[in-house]
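Asks: Got a predicted model here, sequence first, then my questions.
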Amino acid sequence: MAGRIPDQFIDDLLARVDIVELIGSRLAIKKAGANYQALCPFHTEKTPSFTVSPSKQFYHCFGCGAHGTAVRFLMEYDRMSFPEAVEALARQVGMELPKEARAPANPEAASLYPLLDKAGNAYRQWLRQHPDRERAVAYLRRRGLSGDIAARYGIGFAPPGWDNVLRELGHEEDLIRAGLAIRKDSGSVYDRFRDRIMFPIRDRRGRVIGFGGRVLDDGEPKYLNSPETPVFHKGRELYGLHECLEAQRHPDPILVVEGYMDVVALAQQGLPNAVATLGTATTTDQVERLFRATRNVVFCFDGDQAGRQAAWRALENTLPALRDDRQARFLFLPDGEDPDSLVREQGAEAFQALVTDAESLSQFMLRELGRDADLYTVDGRARLVERGAPVIARAPQGVFRDLLVDELARHARVDRAHVERAVAGDAAPATTSHTPRRQAQPQRRTAVRVAIALLLQHPELAEKGGEPERFRDLDQPGADLLAQVLELLQEQPHLKTGAILERFRDDPFESALWKLAAWDHLVPEGGAEAEFKGAMNRLDGLLNEQRLQYLHQQWESGRMTEDEQAEWLELLRRRKGPTT
């Protein structure tokens, strides 16, 4: 695994990359004043609301809220991981990744891809020509699959027998490393998959990395997956994601189901936006991978007790991946039904209606938390908060988490501050200077927001901001963030807007900063410096008033020192202004 990429390298990279050229190579963009515009690639629109700023080196969509630097664009548009996007941009501008950030070469993994691809070809060939293929073909026909869908998903057949793959491909040790063969204690080797329908599992690039096999009789296990190998990790991959993204570049939503056949059956009915976990509980890594491709995920589970338990595990592992622009919902099917049977019985339109009506994550969460809590009693409401607080704590800081706190407080009929303290661990105050509040979102012009927005849009103003540390004591929403931004820019005055925002990737304040950076027409042309000085003067005035209140309390309690008395008199003199 690659090491951490240094901030300085990201700064230099973003300074060299031309975001207009990068996005223009993928979208039709047109000049619009100082910026460029295009139809947003992340949602459907007829009038361009997607803006690319060459001076700030970032993009922002005023329609859906998508935003980012060149790095984020490659992650969202080309569906790359963060290290992959950085490496691709570095190659583009002729920069070499720092040694500590490079992923070590893995020749063992590289050798497995062609072997797994050959195995996939063999399984497909056996489905077409093997003497024992009829049972497999009959099974697929009963499930209503066409040849086109079988070909799209690369479905194949592992014949009965212990050594079909061994004889076809040879290389026992390589087959064992690829998860295609097993060595007995006695030393003999045999095929892992036998007499099964075979579903190849592909990675983001379309390479076969493993297989799932569905038994053709009543044997166990019903589904058998490849083991962990150098190229296959069950907790990271999703069956059908590659095919889903081949069919729809930006699926909305992606439907998460439990079985391979569910994925394929939905595609057969014209719904190619389904994926399946690989026999394990949904993981946060899998959810993160989904949210790189869509902003809307719907989990589909059976409505029985086991289904609800699986859904709850999915909820817990989804919360850490949720940001303000992401949505997760839950669909529970009628008893005895699965997506495969339901879509064949009722049709694609009826199934799609169920997906549309899926309940929100917050609805499912509160329903489960309150399942045996009597909300008409104090004990029941206290139990609801006690159960809900650690669940909400799994969500990252931001508006979504704030709204979950609101909902839990409303259901429990308690003051929001009580829930906030419970979520924070009971000992922490309801709000601190390090906790973003909903008011910190750029909706109303305050001196703090104006100052931060101007610093983001005109980083050179930082040299006129004075000592950042003074704002850490200011009791105003966002004051600590202002101190952080000011300190960063005074230490590194070369940073541009995009690089500043990249520094706050995955920070609790990330969403608020992007919105502030996108504030347009903040001040008249050429008036940024005067507006910034005005905002800073107002903040210094608030600091003085805050200090005066403290000194007044010291005076009333009789604890005021001589130095504090002199400071108090000086602050009072400044408040009154110069005398004439």
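Replies: Ah, there it is.

Asks: only C-alpha atoms for contact and neighbour calcs from this point on.
Replies: Fine.

Asks: The stretch 351-500 of the chain: strands as residue ranges?
Replies: 359-360 (DSSP state E, counting those that start in this stretch).

Asks: now do the stretch 1-150 of the chain
Replies: Counting by DSSP E, counting those that start in this stretch, residue ranges of the strands within the stretch 1-150 of the chain are 30-32, 35-38, 50-53, 58-61, 67-68.

Asks: got the domain boundaries for the protein?
Replies: Taking automatic domain parsing as the domain assignment, the record places the domains of the chain at 7-101, 107-225, 244-366, 370-424, 438-576.

Asks: Just give me how far stretch 6-16 sits from the chain centre.
Replies: Taking CA atoms, centre = their mean, to the nearest Å, one finds stretch 6-16 lying 23 Å from the centre of the chain it belongs to.

Asks: how about that stretch: buried residues?
Replies: For stretch 6-16, the neighbour count (16 or more other CA atoms under 10 Å) marks 9-11, 13-15 as buried.

Asks: Is it possible to get JSON lines of these that adds distance to Ala395 and pLDDT?
Replies: Formatted as JSON lines, the entries for the buried residues of stretch 6-16 read as follows, by distance: CA to CA, whole Å; pLDDT from 0 to 100:
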{"residue": "Phe9", "distance to Ala395": "30", "pLDDT": "88"}
{"residue": "Ile10", "distance to Ala395": "27", "pLDDT": "89"}
{"residue": "Asp11", "distance to Ala395": "29", "pLDDT": "88"}
{"residue": "Leu13", "distance to Ala395": "31", "pLDDT": "91"}
{"residue": "Leu14", "distance to Ala395": "30", "pLDDT": "90"}
{"residue": "Ala15", "distance to Ala395": "33", "pLDDT": "89"}
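
Asks: for the stretch 51-200 of the chain, which spans come out with low pLDDT?
Replies: Counting by pLDDT under 70, the low-confidence segments of the stretch 51-200 of the chain come to 100-108.

Asks: Would you map the helices across it?
Replies: 70-77, 82-93, 107-129, 133-142, 147-152, 164-169, 172-177 (DSSP state H, counting those that start in this stretch).

Asks: will you turn those into JSON lines that also has mean neighbour count?
Replies: Formatted as JSON lines, the entries for these read as follows, by neighbours: other CA atoms under 10 Å:
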{"stretch": "helix 70-77", "mean neighbour count": "22"}
{"stretch": "helix 82-93", "mean neighbour count": "16"}
{"stretch": "helix 107-129", "mean neighbour count": "17"}
{"stretch": "helix 133-142", "mean neighbour count": "15"}
{"stretch": "helix 147-152", "mean neighbour count": "13"}
{"stretch": "helix 164-169", "mean neighbour count": "16"}
{"stretch": "helix 172-177", "mean neighbour count": "18"}
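
Asks: As JSON lines, those helices with distance to Arg503 would be great.
Replies: Compiled in JSON lines, the helices of the stretch 51-200 of the chain are given as follows (distance: least, CA to CA, whole Å):
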{"stretch": "helix 70-77", "distance to Arg503": "12"}
{"stretch": "helix 82-93", "distance to Arg503": "13"}
{"stretch": "helix 107-129", "distance to Arg503": "33"}
{"stretch": "helix 133-142", "distance to Arg503": "51"}
{"stretch": "helix 147-152", "distance to Arg503": "41"}
{"stretch": "helix 164-169", "distance to Arg503": "49"}
{"stretch": "helix 172-177", "distance to Arg503": "40"}
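
Asks: Out of the ones you listed, flag the one nearest Glu349.
Replies: Taking CA to CA as the criterion, Glu349 comes closest to helix 147-152 out of the helices of the stretch 51-200 of the chain, the separation being 19.2 Å.

Asks: Just say which of the strands of the stretch 1-150 of the chain is most tucked in.
Replies: Each of these was assessed for mean neighbour count using mean count of other CA atoms under 10 Å. The highest is strand 58-61, with a mean of 25.

Asks: partner strands of that one, parallel or antiparallel?
Replies: Each strand pairing with strand 58-61, determined using DSSP bridges, is listed with its direction: strand 50-53 (antiparallel), strand 67-68 (antiparallel).
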